[in-house]
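J.: Compute the structure for the input listed below.
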Amino acid sequence: MQDAKIGRSEINGCVAASLLASSMLLIAIFGSPPYAFFGFLKLVVAASSLYLAYVCIRLSSGFIPVALVLAGIAYVHGLMSMRRAEWVTFNWVGIVALSVGSLVVLWSYRTQAKRNLLIDDQKHEDDEE
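T.: This next block holds a predicted model:
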């Protein structure tokens, strides 16, 4: 599978969604939000985890393990039903997984952009000769 090119806006949107989900998870851990907040939290965490997993796979097939962990987070937050005290561990795991996934996406995009820049410079030098 060849690595796909992904635009900066898609990377920024993916990271922003992950930051939003992580922020909401922190509010759920340390705050005392109303009950309706948790339904929206589950939706945001599941959607951002799946979107981040999709971007990871599009960047490189080597990130499939990261994508599987993020899909597991989406499954737990999207479909499970537990008491508030039982969610704390899963919320922390979700924060760590979303953070690691975002860092992987940013790192991969940065190295891919540098590699493409080097290739473009090399092509430019070949054209001049």
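J.: give me the low-pLDDT residue ranges for this protein?
T.: 1-4, 117-129 (pLDDT under 70).
J.: Quick check: chain neighbours aside, which residue is closest to the most centrally placed residue in it?
T.: Closest to where the C-alpha atoms of the chain average out (C-alpha atoms, centre = their mean) is Leu52, at 3.2 Å. Nearest residue to Leu52, sequence neighbours excluded (C-beta to C-beta, 6 or more residues apart in numbering): Gly101, at 4.6 Å. Backbone N, C-alpha and C define where each C-beta goes, glycine included.
J.: now for the strand or helix carrying that neighbour, which elements pack on it?
T.: Using DSSP states H and E, Gly101 falls within helix 84-128. Helix 84-128 sits against helix 8-30, helix 35-59, helix 64-79, with contacts defined as 3 or more C-beta pairs under 8 Å, 6 or more residues apart in numbering; DSSP states H and E.
J.: Verify the stated contact: Leu19 with Leu106.
T.: No: with contacts counted by C-beta atoms under 8 Å, Leu19 stays clear of Leu106, the gap being 11.6 Å.
J.: quick one: contacts of stretch 88-107?
T.: 11, 14-15, 18-19, 21-22, 25-26, 28-29, 45, 48-49, 52-53, 55-56, 59, 63, 66, 69-70, 73, 76-77, 80, 82 (C-beta atoms under 8 Å, 6 or more residues apart in numbering).
J.: and Trp107, how many neighbours?
T.: Trp107 has 11 neighbours, counted by other C-beta atoms under 10 Å.
J.: From Tyr75, how far off is it?
T.: Relative to Tyr75, Trp107 is positioned 25 Å away (criterion: C-beta to C-beta, to the nearest Å).
J.: Over to Ala36?
T.: The gap separating Ala36 from Tyr75 is 22 Å, by C-beta to C-beta.
J.: Comparing those two, which shows the higher neighbour count?
T.: Taking neighbours as other C-beta under 10 Å, Ala36 and Tyr75 compare with Tyr75 leading, 13 against 8.
J.: What are the buried residues along stretch 56-65?
T.: Cys56, Ile57, Arg58, Leu59, Ser60, Phe63 (16 or more other C-beta atoms under 10 Å).
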